[in-house]
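Colleague: Fold the stuff below for me.
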Amino acid sequence: MKNSRVFDLLGPIMVGPSSSHTAGAVRLGLMAGKILATEIRKARILLHGSFAQTGKGHGTHLALIAGLLGMYPDDERIKIASQLAESYGVIINFENIDLGQVHPNSVKFELTGANGQKSTIIGSSLGGGKVIITEVDGFRVKFTGEYSTLIAVYPDYPGMIAEITTQVASAGVNIAQMKVSREGRGRKALTVIEADEVIKDIVVQHIKGLPKIEKVMYLEQMN
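Modeller: So this is what the prediction gives:
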């Protein structure tokens, strides 16, 4: 039996009462932090639906903070995530928001890094510890962390996607899924590549070195 099937049957190993509000929330925070791709200094966390209504009682606030700090769902420090964030000098504010027709367990992160870099991420906890990211910096996306995931931002021009995928393929990495979003022809674009294998750092660095690439983020597969 594959690990993913065991996960489906038993759910995640976690700290907290609810897989949606705790394990899923930790994973959302963890993925958001990796998308920012630098040390977090400030986080505005906007809670939607059930997260907003019952999240505090279910430990959602602590779980989201823990994920942003790089913790996993089975980390015992989740219970003191707020104190840890304060000790690290990370400023965190929570607010409620109506994100419209999205999953009830949804959250929007507005993150600021140590170098002033900013990123906005929207994601949802689907139950059983499973999550999905649906928006990155205004671009519609759809990835779950179940694959190794590479995100590249660049100005749209002919051949750019081919250059990125050539780097991935030349390393013997099989692309499972890929989605391209753009603001318009010749404007900023974002590509999400989900791969079956680990994308080694040297490949990520080669993609970062391609002409016109603005930003590259890599998220390891989440078990």
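Colleague: Show me the protein divided up by domain.
Modeller: 3-137, 148-219 (automatic domain parsing).
Colleague: What separates the first and last residues of the last one, distance-wise?
Modeller: Translated: domain 148-219. 6 Å (C-alpha to C-alpha, to the nearest Å).
Colleague: Make CSV out of the domains of the chain and add mean neighbour count and mean pLDDT.
Modeller: Where you see a C-beta, it was placed from the backbone N, CA and C, and this is true even at glycine. Formatted as CSV, these follow (neighbours: other C-beta atoms under 10 Å; pLDDT from 0 to 100):
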stretch, mean neighbour count, mean pLDDT
domain 3-137, 19, 88
domain 148-219, 16, 97
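Colleague: list the contacts for residue 176?
Modeller: Applying C-beta atoms under 8 Å, 6 or more residues apart in numbering, we find residue 176 in contact with 147, 194-196.
Colleague: Could you check how far the nearest residue to residue 134 once chain neighbours are set aside is from residue 109?
Modeller: Nearest residue to residue 134 in three dimensions, chain neighbours excluded: residue 122, at 5.3 Å (C-beta to C-beta, 6 or more residues apart in numbering). The spacing between residue 122 and residue 109, counted by C-beta to C-beta, to the nearest Å, is 8 Å.
Colleague: try residue 162
Modeller: 32 Å.
Colleague: coming back round to it: pull up the pairing partners for the strand or helix carrying the residue nearest to residue 134, direction included.
Modeller: Residue 122 belongs to strand 118-127 when assigned by DSSP states H and E. Applying DSSP bridges, strand 118-127 is found paired with strand 105-113 (antiparallel), strand 130-136 (antiparallel).
Colleague: Let me have those in a markdown table, extended by distance to residue 88.
Modeller: Shown next, in a markdown table, are these (distance: least, C-beta to C-beta, whole Å):
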| stretch | distance to residue 88 |
| --- | --- |
| strand 105-113 | 13 |
| strand 130-136 | 24 |
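Colleague: returning to that earlier point: residues contacting the strand holding residue 122, please?
Modeller: Counting by C-beta under 8 Å, 6+ apart, 19-21, 24-25, 27-28, 31-32, 35-37, 51, 99, 102-103, 105-113, 131-138 sit against strand 118-127.
Colleague: most residues in a single helix of this structure, which one?
Modeller: With DSSP state H setting the assignment, residue counts place helix 24-36 as the longest helix in the chain.
Colleague: Which residue ranges of the protein form helices?
Modeller: With DSSP H as the criterion, the chain has helices spanning 3-10, 24-36, 49-54, 60-68, 81-87, 160-170, 201-208.
Colleague: so which of the ones you listed comes closest to residue 154?
Modeller: Closest of these to residue 154 is helix 160-170, at 5.6 Å (criterion: C-beta to C-beta).
Colleague: re the thing from before, okay, angle between the strand holding residue 122 and helix 60-68 too, please.
Modeller: Strand 118-127 and helix 60-68 are oriented at 120 degrees to each other (axes from the mean of the first three to the mean of the last three C-alpha atoms, to 10 degrees).
Colleague: All further residue positions should be reported with the first residue as 762.
Modeller: Sounds good: first residue 762 from here, last item strand 879-888.
Colleague: Let me have strand 879-888 in CSV, keeping just the CA atoms, if that works.
Modeller: Coordinates of each C-alpha in strand 879-888 appear next as CSV, following Å, rounded to 0.1, in the frame of the first residue of the first chain:
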residue,chain,number,x,y,z
LYS,A,879,6.4,40.9,-0.2
SER,A,880,4.2,38.0,-1.2
THR,A,881,0.5,37.3,-1.0
ILE,A,882,-0.8,33.7,-0.9
ILE,A,883,-4.3,32.3,-0.7
GLY,A,884,-4.9,28.6,0.3
SER,A,885,-7.5,26.2,1.7
SER,A,886,-7.4,23.3,4.1
LEU,A,887,-9.5,20.5,2.5
GLY,A,888,-9.6,18.1,5.4
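Colleague: Fine by me, we can end here.
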